[in-house]
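Colleague: Sequence plus the predicted model coming up.
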Amino acid sequence: MADNLALLDPRKISPNPENPRLIFREDELQSLQESISQQGILVPLSVFEDEGGHVILDGERRWRCAIKLGLDRVPAIVQPKPDRLQNIMMMFAIHGARQDWDPLPTALKLQDLEAEFKQQRGRTPNENELAELASLSRGEVRRLKNLLNLPDFYLSELMQELEKPRSRQLITVDHVLETTRGVGALKRRGIIDDSEEEVLRQAVMQKFRSGIINNTVAPRQLARIARAVERGDVRPQVARDVSLRLISEPEFSIADAFAASVERVDFEHGVGQVTDRLISKLEEHELRGYQVGGVLRESLEKLRMTIARLLQN
């Protein structure tokens with residue numbers, strides 16, 4: 001490895017066009033730049049030689065800081081030049097150790113990886129193969145592909161948001177995907193129709209932007225409303241009414257919709273499930289021939305009094 005270590009002019013190094021990381025926020029680079037100005041580059045870049053210069057495999061942030069600081073030499077490990085498919089695969093392998101990379105640029109590069117594989121092998125990779133090529137889990141591959149299925153205007157807005165410091169981003173990939181899943185659950189149960197699906201999704205996204213909804217996973221309550229309709233706990237018209245209120249009333253939140261439709265029955269459904277499990281455990285206790293001990297007896301007495309009080313109301 002030491003034989004491949006070189007000191008290179010950063011002005012003759014180019015960023016890798018296959019890098020999934022497209023966003024380099026100034027506030028995040030500033031901290032690294034200050035560290036390099038004081039201590040130098042402690043971890044060498046990884047590059048390959050190409051057309052009289054070098055291309056980065058790993059270390060673009062360090063390279064960007066070196067350029068800004070005007071450094072005339074940077075340490076780098078020179079690797080053999082990969083073909084395009086290998087190059088993209090190496091970029092994704094690096095992604096595995098860089099969990100702060102943004103999902104949308106990664107999804108776009110995953111699309112390139114799939115296309116390059118198809119061009120070289122004459123077929124589209126299956127999900128397992130694509131996950132292995134990208135050093136990702138199958139779940140991560142599905143999530144990234146779901147992201148690419150969003151309408152273009154969402155992808156455009158997400159890219160614009162990515163340019164901002166993280167603390168100032170109003171909309172993230174998770175906001176859009178959670179909203180898409182929640183609204184989709186309502187449509188699948190027939191609570192809203194095809195023409196209303198996108199209108200409701202945009203209404204929920206606007207509530208995120210305005211701060212009416214400030215919990216990223218709040219749209220999961222829409223799926224709980226849909227499941228309550230499927231179980232017969234809530235009438236479809238009740239669920240539809242609150243869904244339409246989400247569209248027509250800017251201040252009406254998902255929490256409001258949940259409370260107005262399914263909160264009580266959903267809570268009671270959960271209590272019923274716990275009760276069924278308790279009955280099963282007590283029956284098992286009886287079958288085993290155990291005596292009701294002091295601690296259990298005391299708990300059951302409390303339970304009996306609570307049940308009697310509830311049934312009187």
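Modeller: Happy to help now that I have it. Numbers count the residues shown, from 1 in each chain.

Colleague: I'd guessed R224 sits against V262; true?
Modeller: Yes - when contacts are counted by Cβ atoms under 8 Å, R224 is listed as touching V262 (6.4 Å). To be clear about C-beta, it is placed using only N, CA and C from the backbone, and glycine gets the same treatment.

Colleague: Check H269 and give its pLDDT.
Modeller: The predicted local distance difference test score for H269 is 82.

Colleague: List the contacts of it.
Modeller: By Cβ atoms under 8 Å, 6 or more residues apart in numbering, the contact list for H269 reads A228, R231, D233.

Colleague: Which strand or helix spans the residue nearest to the spatial centre of the chain?
Modeller: Relative to the mean C-alpha position of the chain, the nearest C-alpha, by Cα atoms, centre = their mean, is the one of D174, at 4.7 Å. Here D174 is covered by helix 173-188, with elements defined by DSSP states H and E.

Colleague: what does V238 give?
Modeller: For V238, the element it lies in under DSSP H and E is helix 236-248.

Colleague: Summarise which helices and strands that helix is packed against.
Modeller: Using 3 or more Cβ pairs under 8 Å, 6 or more residues apart in numbering; DSSP states H and E as the contact criterion, the secondary-structure elements in contact with helix 236-248 are helix 194-210, helix 220-231, helix 254-261.

Colleague: okay, the contacts of H269 in CSV with pLDDT, neighbour count and distance to S137 next?
Modeller: Supplementary listing: those in CSV, determined by pLDDT from 0 to 100; neighbours: other Cβ atoms under 10 Å; distance: Cβ to Cβ, whole Å:
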residue, pLDDT, neighbour count, distance to S137
A228, 91, 22, 31
R231, 89, 12, 32
D233, 87, 16, 35
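
Colleague: returning to that earlier point: buried residues in the helix holding D174?
Modeller: By neighbour count on 16 or more other Cβ atoms under 10 Å, the buried set for helix 173-188 is 173, 175-180, 182-187.

Colleague: okay, who's weakest in these by pLDDT?
Modeller: V173 (88).

Colleague: Please enumerate the strands of the stretch 1-150 of the chain.
Modeller: Along the stretch 1-150 of the chain, the segments classed as strands by DSSP state E, counting those that start in this stretch run 5-8, 13-14, 45-50, 53-58, 74-79.

Colleague: And the ones you listed: which comes nearest V274?
Modeller: Among the strands of the stretch 1-150 of the chain, strand 53-58 comes nearest to V274, with 50.7 Å by Cβ to Cβ.

Colleague: wait, isn't Q33 in contact with K68?
Modeller: Yes - using Cβ under 8 Å, Q33 and K68 qualify as a contacting pair, with a distance of 6.0 Å.
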